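**Q** Quick one, what's the 3D model for this:
(one chain, ligands or ions: 2)
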Amino acid sequence: MATEAELKAAGDKYIPKDYDPTLYKLRHSLAHVLAQAVVEKFPQAKPTIGPPIEYGFYYDFDLDVNPTDGDLEWISNRMKQIIKGKYPFKVREISADEGRELFKDNPYKVELIDGLTKGKDEYGNEAATNPTITVYQQDTFTDLCRGPHVETTGNLDGKGFKITQVTGSYWRGDSKNKMLKRFHATAWANADDLKAHLARVEEAAKRDHRKIGRELDLFSNEQVFGAGFPMLLPKGATVRRLLEAFITDYERKAGYLHVYTPDAAKVELYKISGHWEHYKDSMFPQMDMGESGNENEDENLVLRPMCCPHHIQVFKSKPRSYRDLPIRIAELGKMYRYERSGVVGGLSRVRCMTLNDAHLFVRPDQIKGEIAGVLSLMKKAYADLGITEYRFRLSKNDDPATPLPPETKSKYADDPEMWESSIRILREALVESGLPFFEAWNEAAFYGPKVDVQVKDTMGREETLSTIQLDQHLPKQFKLEFKDSDDTPKRPVMIHRGVISTMERMMSYLIELYAGAFPVWLAPVQVAIVPIADRHFEFAQKLGDSLLEQDYRVDVDLGDKRMQAKIRDAQLQKVPYVLVVGDKEMEANAVAVRLRSGEDLGAKPVAEFVAMLEKVVRSRTLKLVP
Ligand code: TSB
Ligand code: ZN
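**A** Ligands and ions are numbered 1, 2, ... in the order given. As a prediction, the model looks like this:
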């Protein structure tokens, strides 16, 4: 019999690192309670696996009926009773043969036990080939499980969970296998946490950039292109152009030199850089040169997954001296990554992306100053974009506390000294900048550690926007040199950085941050002009032309809808200003100004409105009235 501590250690090993261990246990235990209720409702149901996941858990059953809403309510009520019963979760160690006997009516569990004895856990991961297995029992229900669990069902909260839906899912995720019924539930420590979560889900659904992207005609994902290849429609393209102009302008003033380099190259280039060795699975097309039948190796071309090797060619295009450094090569670089189809969606994770990229070639004594420069550029950009909540992560390579299984190759360049010194320099730079930060293993680039700027989406999920990466590896791979003051050749250090991330990810973030109501300087349409009657069309059109001439983005609505409907349309499109023009306005060369919030500013002379608009746009304020 294993001790409590041993069981916990065994269980903890499998707990994904971002999960809250208390919630994990609670969700894991609730999954068993759900399974008990489901088999009581449907005695023919065969439980398979039911892991805790982010926000809750699911449980898959082999079950040939479609549960109705009434069934789900019954199951949910029954779960509450089981919780009230305060049944202890009793753990037992049994041999594999006992297990096969215990679960003889459930071929799925038997298959899992067979796998366990062959060194595979139920998710197909490596596990000890331990012939003894653990089962947990509460009340009448026993499940094959490695734990850990709460002590009794009384530790769960009957008001803290909700069965959200039942969907189909193949056994082991393989479409050759039988389709099972997956019961999804969200589960929390108490009713308040559940309520807060459901409110977040509702808010996130409203702000979902895919939904807003459709409603505001910003972008679309067409099946013919395939997953991860969205296209920007005219309005989305306008936002992107504005973002690009804004960031390149800041960069130009900060001494960056912008280039255009090809977004494909001979595979040889990525063999030198190490992308082919460390990043091949994310590159396409995936080639196998030997068997490709392609005799001319020069013709093996791949799409670039990163711009670094290309900017290195810019650095190498002529001899460099210590006085030339730092050299900051920037590009709105298009790159292609073979992201798994399951993780791409909308604009936040795509397979073809354009990064606000730059590579800084610096002398060792310039590293910290350049990092400080990037941080200050980032602060300026975030202030303009209205991004206020973020945290810094020092992203490191393999965790020394969890050695890689034998025969497994590290994702990272094999150069312990380089890692140690690069991590130290980045840590010092962060400390010196006075920024609070946290550290994480297994989040680095293959060539070096990073400072990642982490933001949360509406659902509280973290993703990286800006990144600053210290690289002493690629300079070595490409034998980069500059001539030092004493005429000897020295090796520069590279800093890779993205300030506003990829245009795609930044757009998805901003769409959700503003629920589509972009700050005026970024809005695809800034002003909608609504003439009251046909006789005001000409005035409206002239006003529109004049604003367009002054570089504003205008929509003149000459459609045949009624005025109120046109105003509503513009407000639904989140157009910051709606200008209504009728007899009075025509006479006085004025406009009646309505804001997208519905607020009515009343009539203003055209010149006064334009002056206000100019001020708002130039200052990039988030307000509509300065
Ligand atoms: C900064 N070579 C460096 C570059 O010089 C690089 O490519 N770094 S990266 O791999 O971390 O990517 C930079 C940023 O691109 C990430 O921080 C993230 O914000 C964004 N990004 C990465 N993958 C995707 C993707 N699939 N879709 C959208 N944006 C992405
Ligand atoms: Zn790079």
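**Q** residue contacts, the residue most central in space within the chain?
**A** Centroid check for the chain by Cα atoms, centre = their mean gives Glu463 as the closest residue, at 4.4 Å. Residues in contact with Glu463 (Cβ atoms under 8 Å, 6 or more residues apart in numbering) are Ser348, Gln454, Val455, Asp457, Arg505, Tyr509. C-beta: built from backbone N, CA, C; applies to glycine.
**Q** Buried subset of these as a ChimeraX selection?
**A** The following ChimeraX line selects those of these that are buried, judged by 16 or more other Cβ atoms under 10 Å:
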select :348,454,455,457,505,509
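**Q** Now do the residue nearest to the centre of the chain against Pro67, distance only.
**A** Using Cβ to Cβ, to the nearest Å, one gets 35 Å for the distance from Glu463 to Pro67.
**Q** Distance from the chain centre to the strand or helix carrying Thr467, please.
**A** For Thr467, the element it lies in under DSSP states H and E is strand 462-471. Distance of strand 462-471 from the chain centroid (Cα atoms, centre = their mean, to the nearest Å) equals 12 Å.
**Q** Contacts for the helix or strand where Gly70 lies, please.
**A** Using DSSP H and E, Gly70 maps to helix 69-84. Helix 69-84 is contacted from outside by 30, 33-34, 36-38, 40-42, 67, 138-139, 153-154, 156-158, 161-163, 166, 183, using Cβ under 8 Å, 6+ apart.
**Q** and the contacts of Glu463, which two are the farthest apart?
**A** Ser348 and Gln454 (13.6 Å; Cβ to Cβ).
**Q** mind checking how far the residue nearest to the centre of the chain is from Phe103?
**A** Taking Cβ to Cβ, one finds Glu463 at 41 Å from Phe103.
**Q** go on, Val38?
**A** Val38 is 16 Å from Phe103, by Cβ to Cβ.
**Q** the more surrounded of those two?
**A** More crowded of Val38 and Phe103, by other Cβ atoms under 10 Å: Val38, with 27 against 21.
**Q** mind listing what the more buried one touches?
**A** Ala45, Pro47, Tyr59, Phe61, Leu63, Ile75, Phe183.
**Q** For the residues you listed, give me JSON lines that also has neighbour count.
**A** Formatted as JSON lines, these follow (neighbours: other Cβ atoms under 10 Å):
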{"residue": "Ala45", "neighbour count": "22"}
{"residue": "Pro47", "neighbour count": "25"}
{"residue": "Tyr59", "neighbour count": "24"}
{"residue": "Phe61", "neighbour count": "24"}
{"residue": "Leu63", "neighbour count": "20"}
{"residue": "Ile75", "neighbour count": "22"}
{"residue": "Phe183", "neighbour count": "26"}
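**Q** Which members of these occur in strands, if any?
**A** Judged by DSSP state E, those include Pro47, Tyr59, Phe61, Phe183 as members of strands.
**Q** Give me the phi and psi for the residue in the stretch 351-500 of the chain that ligand 2 sits nearest to.
**A** Proximity of the stretch 351-500 of the chain to ligand 2 (Cβ to the ion) peaks at His496, 3.3 Å away. Main-chain torsions, His496, degrees, to the nearest 10: phi -90, psi 140.
**Q** What are the neighbouring residues in contact with it?
**A** Cys308, Asp357, Ala358, His359, Leu360, Ala445, Thr467, Ile468, Gln469, Asp471.
**Q** ok, now Pro605?
**A** Applying Cβ under 8 Å, 6+ apart, the residues near Pro605 are Ala588, Asn589, Ala590.
**Q** doesn't Glu608 make contact with the first one?
**A** No - between Ala588 and Glu608 there is no contact, the gap being 11.2 Å when judged by Cβ atoms under 8 Å.
**Q** Do a quick rundown of the helices in the stretch 1-150 of the chain.
**A** In the stretch 1-150 of the chain, helices defined by DSSP state H, counting those that start in this stretch lie at 4-14, 21-41, 69-84, 96-102, 107-117, listed in chain order.
**Q** Just name the most buried of these.
**A** Neighbour counts (mean count of other Cβ atoms under 10 Å) averaged over each of those peak at helix 21-41, with a mean of 22.
**Q** between it and helix 69-84, how many degrees?
**A** 120 degrees (axes from the mean of the first three to the mean of the last three Cα atoms, to 10 degrees).
**Q** for helix 21-41, what is the average pLDDT?
**A** Averaged across helix 21-41, the pLDDT comes to 94.
**Q** Could you work out the end-to-end span of stretch 383-399 for me?
**A** Start-to-end span of stretch 383-399 (Cα to Cα, to the nearest Å) is 35 Å.
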